[in-house]
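Participant: generate coordinates for the sequence data below:
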Amino acid sequence: MGAIFATAALLATIVVINPPTVSAERVECPSGEMTFTDIPETSFARTHIICVRELEIAFGLTDTTFGPNDRVTREQMASFIARTYRVINGSPAPVVPTTFTDIDGSFAKDDIARIFGLGITAGTNADNTLYSPGDFVTREQMAAFLARLRRTLEGFCATPATPFTDVPDTSFAKADIACIFGLEVTAGRTATEYVPGGFVTRAEMATFLSRLYQIGRRDAQFTRDPTPGNGDGGTGGDDGLCSLRTEYVGVNEVVRSEHAAVWWGPTGGDLNAVADLVLEDVKNGYEKATNSLSITPPSGVPAFCLNMYVIDTGAETDGLTRGFGLDVNGIPFVNLPLDIAQDFLINPPGPNTESAYVTHELMHLLQVGAPFPQDGDSDWYWEATAEWFVDQVYPNDSEGKDTIGQYLINPQLPLWASRVNQGVDQADLSNSRRFHHFGAQAFLTWLSDDVPGAAQLIGRAWDDVPADGLPQQWLSEQLGGTVMEDEFVEFASRAATVDFPRHAAAIEQHRITAINSGFNTGDVNHITATVPDAGITWTRPPANLRPGGFAYNTITSDITTAGNVTVEFAADPTGSAGTTSDMRGIAVRVRAGVRQYTTLVGGSASVSVQPGDELWLVVVSVPDLFGTQETFDYQYRFVR
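Facilitator: The predicted structure follows:
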């Protein structure tokens, strides 16, 4: 995730989806004159009281008095909520039978029945037989009433962090308070206090209801239970487009396609053309994922759109960061930088940086909800597969190979090394170590190219890896036998001198860039050691460069005299934590750019050399180990 790009290439011509744009406008309150004599012009609630009176949500205690300081009772609250539902929804909720035994004498009996039927209240006792109509409403109860009303109307409500220090995690209304805080219905009694046990006055209640009304309704964009093909007004039905749902109420410009929606804030300007191009790129990737790579869309898709937010465009998008995950409604989301999205106007979807970014992020949308965590020794797989996915969608792209260059200059790190499991704060890591897990896509790409069915296994992993399993171990088991080990040995022998069948020149250039980067100064280890032409006695690699699991070292010698060199290595029987070693040696002779590969049988191989040759020993570690940072030691020598 972020501005690290993978490989990409242009598929066949794709038909651009041009869905309609929808937006939600803030609703203005109706105007009117103040008829209540107990509401002074200086009252904070004056305009709000006029609003709810004109909407017939709240009436006065008499024709001339509103009772602004009177406490709101639960029966009054029922009427307020039922009337607000009627005004926003366009029709009243039905009166249904209730389980309450204490409401027969209440003026609000029918309204209590309405909000009971909507699921906004269940009563005040355990068996739901009491509503307690005369009790005063507390501020946490008020939050619950309003948040449930919002969810009833919209099917969702965000629960952002609040500044309130007096709302404990044990509060039944903690999420509801966060909901109405996020909607800006309330800001609390002070900057840090919500006062959940305080009682609500009629003036406060008018203010809350007026603000909730003004937020507006998104009938055209949101449905509670959309079903594809049900003709639900264009939100996921006969028009073939997915249904919209978001937790970000301030991000209200959107264009959608069959599977995804691109959102931006109200001050972002006209990004419709940009959104269309992003969705074209998504179409390319989505079809590849589901048709060729055995990747199953997340639960709920295509009933709901995968959400893509263009950040840095104003309103709530200013507060979003580059990342991905599930929102409070369980809808997958990713965030796209504005500059990347806008660059599609210059470089349409294809083998370019913009498509690499969007396709990488699309893979994250498809990953969320995976059974294994984005943590520990599983963490690498999330980013490695996102980079690998770009290569699957755009295989002819030769530019986006920078992460492979980073991977190749610290090959002693285990395949699953990521930012989170190297034992130090990621801020202290070189770029090579920070982006090692992105570049590990090189091995996944090798597998996909070399082993029939491997690409589908990599795609299936997001559904099939056990919750307590590691994707790399599952992949090895699915490939069977020693396939993954043998493939990694061949991959490592080619990676040492960047002898890849695809994009070798671009990858080598990125490796050179990574070697020369100031962000990797002092941490460039693509060559573990250099041996003089005359040879060397038994020697061990530096302790800090011993290879981990599915990792390798490279020892090289520049040849100045002709003859034969015997290359030997001997692995220690176990690693630093006692795991049985499995180390393989390959001698690589490079002559005028042509490589010759010789496997060290029994730990030894003789290679004929002449001046100008390069001679490499690649020591590859492939133990029966799929986690931890265990290292494996060995000895080597070059004998003339």
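
Participant: and the spatially most central residue of the chain, what are its bridge partners?
Facilitator: Geometric centre of the chain, nearest residue: F324, 1.8 Å, by C-alpha atoms, centre = their mean. Bridge pairing for F324 (DSSP bridges) gives the partners V334.

Participant: what does G563 give?
Facilitator: In beta-bridge terms (that is, DSSP bridges), G563 pairs with V609.

Participant: residues touching it, list them.
Facilitator: Shown in contact with G563 (C-beta atoms under 8 Å, 6 or more residues apart in numbering): S608, V609, R640. (Each C-beta comes from the backbone N, C-alpha and C, glycine too.)

Participant: returning to that earlier point: gap between the residue nearest to the centre of the chain and D499?
Facilitator: According to C-beta to C-beta, to the nearest Å, F324 and D499 sit 34 Å apart.

Participant: kindly report the same for T296.
Facilitator: 36 Å.

Participant: kindly report the same for Q426.
Facilitator: 31 Å.

Participant: compare those two (neighbour count), which wins?
Facilitator: It is D499, of Q426 and D499, that has more neighbours when counted by other C-beta atoms under 10 Å, with 16 against 11.

Participant: that one is in contact with R595, isn't it?
Facilitator: Yes. Using C-beta atoms under 8 Å, D499 is in contact with R595, at 5.3 Å.

Participant: any idea which helix or strand comes after the helix or strand of the chain with the lowest mean pLDDT?
Facilitator: Least confident element among the helices and strands of the chain, by mean pLDDT, DSSP states H and E: strand 21-23 (a mean of 31). Scanning forward in sequence from strand 21-23 by DSSP states H and E, the next helix or strand is helix 46-54.

Participant: buried set for that next one?
Facilitator: R46, H48, I49, I50, C51, V52, R53 (16 or more other C-beta atoms under 10 Å).

Participant: quick check: the second one vs M34, distance?
Facilitator: Look at H48 and M34: by C-beta to C-beta, they are 11 Å apart.

Participant: same check, this time on the first one
Facilitator: Shown here: R46 relative to M34, a distance of 6 Å by C-beta to C-beta.

Participant: check the third one too.
Facilitator: Note on I49: its distance to M34, by C-beta to C-beta, is 7 Å.

Participant: which residues of the stretch 351-500 of the chain score low on pLDDT?
Facilitator: For the stretch 351-500 of the chain, applying pLDDT under 70 flags the ranges 400.

Participant: one more time with 90, if that's ok
Facilitator: 351-357, 365, 367-375, 396-402, 423-427, 463, 467-468 (pLDDT under 90).

Participant: which element follows the helix or strand where I507 lies toward the C-terminus?
Facilitator: Assessed by DSSP H and E, I507 sits inside helix 504-516. Using DSSP H and E, the helix or strand that follows helix 504-516 towards the C-terminus is strand 529-530.

Participant: contacts for that following strand?
Facilitator: Contacts of strand 529-530 (C-beta under 8 Å, 6+ apart): T539, P541, P542, I555, T556, S557, D558.

Participant: given that strand, what are its sheet partners and their directions?
Facilitator: Sheet pairing for strand 529-530, using DSSP bridges, gives strand 551-558 (parallel).

Participant: okay, buried residues for the partner strand please.
Facilitator: The neighbour-count check on strand 551-558 (16+ other C-beta under 10 Å) flags A551, Y552, N553, T554, I555, T556, S557 as buried.

Participant: any chance of those in CSV, plus distance to Y636 and pLDDT?
Facilitator: Compiled in CSV, the buried residues of strand 551-558 are given as follows (distance: C-beta to C-beta, whole Å; pLDDT from 0 to 100):
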residue, distance to Y636, pLDDT
A551, 16, 98
Y552, 13, 98
N553, 9, 98
T554, 11, 98
I555, 6, 98
T556, 11, 97
S557, 11, 94
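
Participant: specify which member of the residues you listed is nearest to G603.
Facilitator: The closest of the buried residues of strand 551-558 to G603 turns out to be I555 (C-beta to C-beta; 13.8 Å).

Participant: OK, contacts around that closest one?
Facilitator: I527, T528, A529, T530, V531, P541, W616, L617, V619, Y636, F638.

Participant: now the buried members of the residues you listed.
Facilitator: T528, A529, V531, P541, W616, L617, V619, Y636, F638.

Participant: need the residues you listed in a markdown table (columns: distance to L146 and pLDDT).
Facilitator: Shown next, in a markdown table, are the buried ones among the contacts of I555 (distance: C-beta to C-beta, whole Å; pLDDT from 0 to 100):
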| residue | distance to L146 | pLDDT |
| --- | --- | --- |
| T528 | 64 | 97 |
| A529 | 68 | 97 |
| V531 | 74 | 96 |
| P541 | 65 | 97 |
| W616 | 69 | 98 |
| L617 | 70 | 98 |
| V619 | 66 | 98 |
| Y636 | 71 | 98 |
| F638 | 77 | 97 |
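
Participant: what's the average pLDDT for the helix holding I507?
Facilitator: Averaging pLDDT along helix 504-516 gives 95.

Participant: so what's A384 closest to, chain neighbours aside?
Facilitator: Residue nearest to A384 in three dimensions, not counting chain neighbours: A440, with 4.2 Å by C-beta to C-beta, 6 or more residues apart in numbering.

Participant: on that earlier part again, which parts of the helix holding I507 are buried?
Facilitator: A506, I507, E508, Q509, H510, R511, A514, I515.

Participant: quick check, nearest of the residues you listed to R71?
Facilitator: A514 (67.4 Å).

Participant: from what I can see that closest one touches S432, true?
Facilitator: Yes. Using C-beta under 8 Å, A514 is in contact with S432, at 6.1 Å.

Participant: what ranges do the helices span in the stretch 401-550 of the chain?
Facilitator: 402-408, 431-434, 436-439, 441-450, 454-464, 471-479, 483-495, 504-516 (DSSP state H, counting those that start in this stretch).

Participant: sorry, back to before: from A384, how far off is the residue nearest to the centre of the chain?
Facilitator: Distance from F324 to A384, by C-beta to C-beta: 15 Å.

Participant: now N352
Facilitator: Distance from N352 to A384, counting by C-beta to C-beta: 21 Å.

Participant: of those two, which one has the most company?
Facilitator: Neighbour totals were compared for N352 and A384, and A384 leads with 29 against 22 (other C-beta under 10 Å).

Participant: my read: the more buried one touches Q441, true?
Facilitator: Yes. The criterion here is C-beta under 8 Å, and A384 meets it with Q441 at 4.6 Å.

Participant: mind giving me the packing neighbours of the helix or strand that contains I115?
Facilitator: Assigned by DSSP H and E, I115 falls within helix 109-117. In terms of contacts (3 or more C-beta pairs under 8 Å, 6 or more residues apart in numbering; DSSP states H and E), helix 109-117 is packed against helix 74-89.

Participant: could you rerun that using 10 Å?
Facilitator: The contact analysis (3 or more C-beta pairs under 10 Å, 6 or more residues apart in numbering; DSSP states H and E) places helix 109-117 against helix 74-89, helix 139-154.

Participant: any chance of a markdown table for the buried residues of helix 46-54, columns pLDDT?
Facilitator: Shown next, in a markdown table, are these (pLDDT from 0 to 100):
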| residue | pLDDT |
| --- | --- |
| R46 | 95 |
| H48 | 96 |
| I49 | 96 |
| I50 | 96 |
| C51 | 95 |
| V52 | 95 |
| R53 | 95 |
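
Participant: which one of those is nearest to Y85?
Facilitator: Nearest member of these to Y85, counting by C-beta to C-beta, is V52, at 13.4 Å.

Participant: restricting to C-alpha, output the helix ranked longest in the chain in PDB.
Facilitator: With DSSP state H setting the assignment, residue counts place helix 272-292 as the longest helix in the chain. Extracted in PDB, the C-alpha atoms of helix 272-292 (Å, rounded to 0.1, in the frame of the first residue of the first chain):
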ATOM      1  CA  ASN A 272     -15.800  12.500 -12.700                       C
ATOM      2  CA  ALA A 273     -13.500  11.900 -15.700                       C
ATOM      3  CA  VAL A 274     -10.700  10.800 -13.300                       C
ATOM      4  CA  ALA A 275     -13.100   8.500 -11.500                       C
ATOM      5  CA  ASP A 276     -14.200   6.900 -14.800                       C
ATOM      6  CA  LEU A 277     -10.500   6.100 -15.600                       C
ATOM      7  CA  VAL A 278      -9.800   4.700 -12.100                       C
ATOM      8  CA  LEU A 279     -12.800   2.400 -12.500                       C
ATOM      9  CA  GLU A 280     -11.600   1.300 -15.900                       C
ATOM     10  CA  ASP A 281      -8.400   0.200 -14.300                       C
ATOM     11  CA  VAL A 282     -10.300  -1.500 -11.600                       C
ATOM     12  CA  LYS A 283     -12.300  -3.400 -14.200                       C
ATOM     13  CA  ASN A 284      -9.100  -4.700 -15.700                       C
ATOM     14  CA  GLY A 285      -7.900  -6.000 -12.400                       C
ATOM     15  CA  TYR A 286     -11.200  -7.300 -11.100                       C
ATOM     16  CA  GLU A 287     -11.800  -9.400 -14.200                       C
ATOM     17  CA  LYS A 288      -8.200 -10.800 -14.000                       C
ATOM     18  CA  ALA A 289      -8.600 -11.600 -10.300                       C
ATOM     19  CA  THR A 290     -11.900 -13.400 -10.500                       C
ATOM     20  CA  ASN A 291     -11.600 -15.000 -13.900                       C
ATOM     21  CA  SER A 292      -8.000 -16.200 -13.900                       C
END
